[in-house]
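Student: I need the structure of the sequence given here:
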Amino acid sequence: MTLSGAPAAVIFDNDGLTLDTEDLWTEAEKALFANYSADFGPAQKLALLGNSGADAAVILARELGQPDGDGPALVAEMNRLVYLALEEGCEPTKGAVELLTALRDAGIPRALCSNSPLEFVGRAVDAAGVRNYFDVIVSADEVAHGKPAPDPYLEAARRLGVDPQLCVALEDSVPGATSASAAGMTVFVVPSFEETDFGDVADRSFASLAEPELWAALGVRGSA
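Tutor: Here you go, the predicted model:
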């Protein structure tokens, strides 16, 4: 769906969309796969991209040749590796801070909606210095079902006190875009990988958060 006029709120995905943390996850995933002598390439990355911990557990068990193994333990091991990488810090993506500032100046509420563990999200936004740009932060840990289910986006809208159908969600992955679309939101995507096929769950696609056309579509002036 598409909105006419400015959105009631803009809800941002975290990894790869707002913060440049996707490389941290990729390096952790590579290390985990290497520990199990398993191949890691674009297909494995796309399979894991944007998924909740529960879904990642199933994918990791399959890809690492542990179909009867402990998927949650594999996720915990991956999280430990990414937390170590995060200690080196992380940065916002191109245009993220400028867009968040413009939305704030325009009086448009902002939420962060992540499929990552709440602990990671908190560490990441603090490391990047962007926590105070958001009115609400929602993690998959706080809802019954993570993305691609609509729960995280519905919870973000509930906390903001706005109608989900009047919100724009900004996403970089298929599970995230599917979640936002299922919540009834307008979905704009900034793909982390060019080969990502969003099908009919994305309303528009942009190259980065700094793109002037994105700002115009969100009803804010200026550019990064």
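Student: Using PDB, write out every CA atom in stretch 198-215.
Tutor: Included here for stretch 198-215 are C-alpha records, laid out as PDB according to Å, rounded to 0.1, in the frame of the first residue of the first chain:
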ATOM      1  CA  PHE A 198      11.200  -8.600  -2.400                       C
ATOM      2  CA  GLY A 199       8.300  -9.700  -4.600                       C
ATOM      3  CA  ASP A 200       5.200  -7.900  -3.700                       C
ATOM      4  CA  VAL A 201       6.000  -7.000  -0.100                       C
ATOM      5  CA  ALA A 202       7.900  -3.800  -1.000                       C
ATOM      6  CA  ASP A 203       6.100  -0.600  -2.200                       C
ATOM      7  CA  ARG A 204       9.300   1.200  -3.300                       C
ATOM      8  CA  SER A 205      13.000   0.600  -3.400                       C
ATOM      9  CA  PHE A 206      15.800   3.100  -2.800                       C
ATOM     10  CA  ALA A 207      19.600   3.000  -3.000                       C
ATOM     11  CA  SER A 208      20.300   4.500   0.500                       C
ATOM     12  CA  LEU A 209      18.700   6.500   3.300                       C
ATOM     13  CA  ALA A 210      20.400   9.500   1.800                       C
ATOM     14  CA  GLU A 211      18.400   9.400  -1.400                       C
ATOM     15  CA  PRO A 212      16.500  12.600  -2.000                       C
ATOM     16  CA  GLU A 213      13.500  10.700  -3.500                       C
ATOM     17  CA  LEU A 214      13.200   8.800  -0.200                       C
ATOM     18  CA  TRP A 215      13.100  12.000   1.800                       C
END
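Student: Can you give me the pLDDT of A43?
Tutor: A43 is assigned a predicted lDDT (pLDDT) of 88.
Student: How much space separates it from D55?
Tutor: Computed with C-beta to C-beta, to the nearest Å, the distance linking A43 and D55 is 16 Å. (Each C-beta comes from the backbone N, C-alpha and C, glycine too.)
Student: packing partners for the one helix or strand R158 maps to?
Tutor: Secondary structure assignment for R158, by DSSP states H and E: helix 151-160. Using 3 or more C-beta pairs under 8 Å, 6 or more residues apart in numbering; DSSP states H and E, the elements in contact with helix 151-160 are strand 9-12, strand 110-114, strand 136-139, strand 167-171, helix 174-182.
Student: Let's see that with 7 Å instead.
Tutor: The criterion is 3 or more C-beta pairs under 7 Å, 6 or more residues apart in numbering; DSSP states H and E, and the helices and strands that helix 151-160 contacts are strand 9-12, strand 110-114, strand 136-139, helix 174-182.
Student: Would you reformat those as JSON lines and include mean neighbour count, distance to L160 and mean pLDDT?
Tutor: Conversion of the helices and strands packed on helix 151-160 to JSON lines gives the following (neighbours: other C-beta atoms under 10 Å; distance: least, C-beta to C-beta, whole Å; pLDDT from 0 to 100):
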{"stretch": "strand 9-12", "mean neighbour count": "26", "distance to L160": "5", "mean pLDDT": "99"}
{"stretch": "strand 110-114", "mean neighbour count": "26", "distance to L160": "6", "mean pLDDT": "98"}
{"stretch": "strand 136-139", "mean neighbour count": "22", "distance to L160": "6", "mean pLDDT": "97"}
{"stretch": "helix 174-182", "mean neighbour count": "26", "distance to L160": "14", "mean pLDDT": "96"}
